[in-house]
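1. curious how this folds, go ahead:
(4 chains)
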Protein chains: 2
Amino acid sequence: MLAPRSLPHGCVDRPEVNDCDSCGARALSVCGSVADRDLERLGGLAEVVKLAAGAVLTREGEPAPHVFNITSGSLRVYKLLPDGRRQITGFLFAGDFLGLAIGEFYVFSAEAIEPTTVCRFRKGPFRALVESSQPLEHMLLHRTSHELAAAQNQMLLLGRKTAIERLASFLLDLPGHDPARPTAPGHVRLPMKRGEIADYLGLTIETVSRVLTRMKAKGIISMPSQSDLIVERPDLLRAHAGGEI
Amino acid sequence: MLAPRSLPHGCVDRPEVNDCDSCGARALSVCGSVADRDLERLGGLAEVVKLAAGAVLTREGEPAPHVFNITSGSLRVYKLLPDGRRQITGFLFAGDFLGLAIGEFYVFSAEAIEPTTVCRFRKGPFRALVESSQPLEHMLLHRTSHELAAAQNQMLLLGRKTAIERLASFLLDLPGHDPARPTAPGHVRLPMKRGEIADYLGLTIETVSRVLTRMKAKGIISMPSQSDLIVERPDLLRAHAGGEI
DNA sequence: CTGATTATTTGATCTGAATCAAATAATCGT
DNA sequence: ACGATTATTTGATTCAGATCAAATAATCAG
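-> Numbering: from 1, shown residues only, chains lettered A, B, ... in the order given. The predicted structure is shown next:
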């Protein structure tokens, strides 16, 4: 399952409360639950890092001095086996956190899918701040719990669903439409490549492509372009995702 | 990956601080990080529930009034598809928490594997207590983060590892030996049945059995009985688990 | 715009694990 | 201890998805 989106449904972002205009720390406010004072302190700790598409943010096994908050763009988070097999464990978007569970070394790699900006915090001061602010800690627990629930859905998908069920689940989890521009109903953007979808769903590129072709043939979806998709039959998609077909 | 064990390595449990002798709430102390006062209040909220082997604790989709802490025994936590396909997302043992991420309804089912005791808390008062105690909240965040990291390892396993790699990873994650009795080096108990291992690893019973037979043939393990296993070649097991063979 | 590069689709074949089917082996109630 | 039930192992066969192999289609640098 995709990482939970940054802001709860219906939540309006707060105006900036510190001098770190481009920093997503203010996204942490989560509908006002984190005090302005905490935001200021967070902003003071933040370093803005700009990443080109494909740039590496963390590499599994390397020392882990930082925690990150995504300001804009998107990341793929993944693990590798020595022979190159890759499992993408999630896609992260603006507002999402990365690195909360790390110890001394990163246990995953993360790369920008598109041009991306992140706020970077040194682990020590970040932890100190979290310990001094229960609302912040509460928000992190809330998010982490939801990520765990999403991870359990993904285990069901990877362990027990067929290829078409995986694709159906994936398409339903994608954000319905880009908030920037109002789109047609059922319109979905696929910002990632087939290989990334495959490595997220435990399939191959070829299988992803074939299943999308099958879905088109069945009239469940249509694809105006390779990276734009229209869900024509959400009912059928949902039935497939739930394993009812 | 298995759920993280309850107490960090080397952590000694505290003496009881409330009248709830059989309740695992005191396990929450986590080496003294949670104040006695919080423990007393938790103890006051707890109801002890005894479960026979196979008893159902929660059912996916049903209203979720409770959060649980396992006192003794073990649980399997799983999700089902409508046609009965099952994915076990984790095995829980004494000290582990269940239900932190739930909303109004349970999103998983949980059953006792063996005779098991849990402490049950009503969600509302439990949350209120957590909000009033940052050390408690901190401990929950710490545990949940580690569960998330374990879930990501499991995604790699389910999405990309072969059958033998899955079994090797599983055997290495099992607690090395029962703390109750000192066991021979490399000795591992398999408290769960083949069907549970299969549903945890995204395999079938037959494949689990065949892979264990293959491992025996290769001299990697031996099995004095169906539920007792000796790791003869931990080096080879580790190599398989890491996908290096 | 154009050729080169990279991504996607489609086709043929293979294979690891699933399914179907018995044959042991273990466990349990009496 | 004993028959019945349940769990595990082993064997034969099938199949969904992987792999191997081109044929399009899209993108991008110049």
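
2. quick one: average pLDDT of stretch A:67-76?
-> The pLDDT scores in stretch A:67-76 average 90.

3. list the buried residues for that stretch?
-> A:Val67, A:Phe68, A:Asn69, A:Ile70, A:Thr71, A:Gly73, A:Ser74, A:Leu75, A:Arg76 (16 or more other Cβ atoms under 10 Å in any protein chain shown). Using the backbone N, CA and C atoms, a C-beta is placed for each residue, glycine as well.

4. test my guess that the fifth one contacts A:Thr117.
-> This means A:Thr71. Yes. A:Thr71 lies in contact with A:Thr117 (Cβ atoms under 8 Å); the separation is 4.2 Å.

5. ok so, going back, pipe the buried residues of stretch A:67-76 into TSV and attach distance to B:Ile102 and secondary structure per row.
-> Below are those laid out as TSV (distance: Cβ to Cβ, whole Å; DSSP: H, G, I helix; E, B strand; the rest coil):
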residue	distance to B:Ile102	secondary structure
A:Val67	26	strand
A:Phe68	28	strand
A:Asn69	26	strand
A:Ile70	26	strand
A:Thr71	31	strand
A:Gly73	32	coil
A:Ser74	28	strand
A:Leu75	28	strand
A:Arg76	29	strand
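
6. now do the strands in chain A.
-> Remark: strands assigned in chain A by DSSP state E are A:47-51, A:56-58, A:66-72, A:74-80, A:86-93, A:97-98, A:109-112, A:116-122, A:187-189, A:221-225, A:228-231.

7. save these as CSV, and put in distance to B:Tyr106 too.
-> Below are these laid out as CSV (distance: least, Cβ to Cβ, whole Å):
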stretch, distance to B:Tyr106
strand A:47-51, 39
strand A:56-58, 34
strand A:66-72, 31
strand A:74-80, 27
strand A:86-93, 23
strand A:97-98, 26
strand A:109-112, 32
strand A:116-122, 35
strand A:187-189, 29
strand A:221-225, 32
strand A:228-231, 29
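
8. A:Ala101 is in contact with B:His146, isn't it?
-> Yes. Applying Cβ under 8 Å, one finds A:Ala101 in contact with B:His146, separated by 6.1 Å.

9. and chain A, what are its domains?
-> Split into domains by automatic domain parsing, chain A comes to A:24-157, A:161-241.

10. do a quick rundown of the helices in chain A.
-> Applying DSSP state H to chain A gives helices spanning A:36-45, A:123-132, A:134-160, A:163-173, A:194-201, A:205-217, A:234-241.

11. list the beta-bridge partners for A:Leu98.
-> Here A:Leu98 sits in beta bridges with A:Phe68, going by DSSP bridges.

12. if I look at it, how far off is A:Val208?
-> Remark: distance between A:Leu98 and A:Val208 (Cβ to Cβ, to the nearest Å) = 25 Å.

13. stretch A:53-72 near DNA strand C anywhere?
-> No. Contact between stretch A:53-72 and DNA strand C is absent, the nearest approach being 9.3 Å (criterion: Cβ under 7 Å from any atom of the strand).

14. show me the beta-bridge partners of the spatially most central residue of chain A.
-> Nearest to the mean C-alpha position of chain A, counting by Cα atoms, centre = their mean, stands A:Leu92 at 2.3 Å. Judged by DSSP bridges, the bridge partners of A:Leu92 are A:Leu75.

15. OK, contacts around it?
-> Contact analysis of A:Leu92 by Cβ atoms under 8 Å, 6 or more residues apart in numbering or on different chains lists A:Ala3, A:Ile70, A:Ser74, A:Leu75, A:Arg76, A:Val77, A:Leu98, A:Ala110.

16. nearest to chain B among those?
-> Looking at the contacts of A:Leu92 and their distance to chain B, the nearest is A:Val77, at 8.2 Å (Cβ to the nearest Cβ).

17. okay, now the closest one: neighbour count?
-> 23 (other Cβ atoms under 10 Å in any protein chain shown).

18. repeat for A:Leu229
-> The burial count for A:Leu229: 21, using other Cβ under 10 Å.

19. ok, A:Lys123 next?
-> By other Cβ under 10 Å, neighbour count at A:Lys123 equals 16.

20. pretty sure it is touching A:Pro63, no?
-> No. A:Lys123 is beyond contact range of A:Pro63, at 10.3 Å (criterion: Cβ under 8 Å).

21. so can I have CSV of the domains of chain A showing distance to B:Ala128?
-> Putting the domains of chain A into CSV (distance: least, Cβ to Cβ, whole Å) gives the following:
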stretch, distance to B:Ala128
domain A:24-157, 12
domain A:161-241, 32
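
22. which positions in chain A make contact with DNA strand C?
-> A:193-195, A:205-206, A:208-210, A:212-213, A:223, A:226-227.

23. the residues you listed, buried ones only, as a PyMOL selection?
-> To isolate the buried ones among the residues of chain A next to DNA strand C in PyMOL, judged by 16+ other Cβ under 10 Å, type:
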select buried, chain A and resi 194+208+212
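
24. quick revisit: for B:His138, find the nearest of the domains of chain A.
-> domain A:24-157 (6.2 Å; Cβ to Cβ).

25. ok, that closest one near DNA strand D or not?
-> No. With Cβ under 7 Å from any atom of the strand as the measure, domain A:24-157 is seen stopping short of DNA strand D, the closest distance being 8.3 Å.

26. now that domain, how far from the centre of its chain.
-> 10 Å (Cα atoms, centre = their mean, to the nearest Å).

27. same deal with stretch A:196-205?
-> 16 Å.

28. gap between the two ends of stretch A:82-91?
-> Chord length of stretch A:82-91, first to last residue, is 22 Å (Cα to Cα, to the nearest Å).
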